[in-house]
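Novice: show me the folded form of this:
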Amino acid sequence: MFNKTNSPSGTPSTTKAPSAAAAPRMTSSAAPSILGRDIVITGDIKTDGDVQIDGRLDGNVTAGTVTIGEQGAVNGKINAQNVNIRGKVSGKVEANVVELADTANVQADLIQDQLMIANGAFFDGKCTRKSSTPTSIKTAKKSA
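Specialist: Presented below is the predicted three-dimensional model:
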């Protein structure tokens, strides 16, 4: 190893290599895995990270965050924490947060806690809340 001698006695100082516990870990802020426009995948994708699909996937995807680009298409089930759809999806989507952009074309059933649909998005399917505890609507009593 190369050592730098800074001590007055002329003995080389040693530096400790970082331990495995101090090594940086992959987090959701890491770059997503990207499937380019020219890629067609037949099969399933499973990852703890994020996936951006600009090509076509004929299969299921399980990830932290799934983004379907404007040119992207998924024929299968999507299971993630967050799903952002700008392209085409046919099948089923299960996520905590689902967002359909104005360019989205979705023919799928959605199971989610939070749903955002932009004006202009196409959606044909059924929406179901993930959480089973609905909030009650209080009605005002009329007095005579």
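Novice: list the contacts for the spatially most central residue of the chain?
Specialist: Nearest to the mean C-alpha position of the chain, by Cα atoms, centre = their mean, lies Thr65 at 0.6 Å. Shown in contact with Thr65 (Cβ atoms under 8 Å, 6 or more residues apart in numbering): Ser28, Pro32, Asp50, Val51, Ala80, Gln81, Asn82, Val83, Asn84. Bear in mind the C-beta positions are built from the backbone N, C-alpha and C, glycine included.
Novice: who touches stretch 33-47?
Specialist: 49-64, 69, 71-72, 76.
Novice: parallel or antiparallel, which strands does the lowest-mean-pLDDT helix or strand in the chain pair with?
Specialist: When each helix and strand of the chain is scored by mean pLDDT, DSSP states H and E, strand 33-35 comes last, with a mean of 89. The pairing partners recorded for strand 33-35 under DSSP bridges are strand 50-53 (parallel).
Novice: helix or strand next in line after the partner strand, which one?
Specialist: Downstream of strand 50-53, the next assigned helix or strand under DSSP states H and E is strand 56-58.
Novice: follow-up on the earlier one: out of the contacts of stretch 33-47, which are buried?
Specialist: Restricting those to buried positions leaves 50-57, 60-63, 69, 71-72, 76, with burial counted as 16 or more other Cβ atoms under 10 Å.
Novice: hmm, back to that, reformat the contacts of Thr65 as CSV; add pLDDT and distance to Gly120.
Specialist: Shown next, in CSV, are these (pLDDT from 0 to 100; distance: Cβ to Cβ, whole Å):
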residue, pLDDT, distance to Gly120
Ser28, 50, 29
Pro32, 82, 25
Asp50, 94, 25
Val51, 95, 25
Ala80, 96, 23
Gln81, 96, 25
Asn82, 96, 21
Val83, 96, 18
Asn84, 97, 15
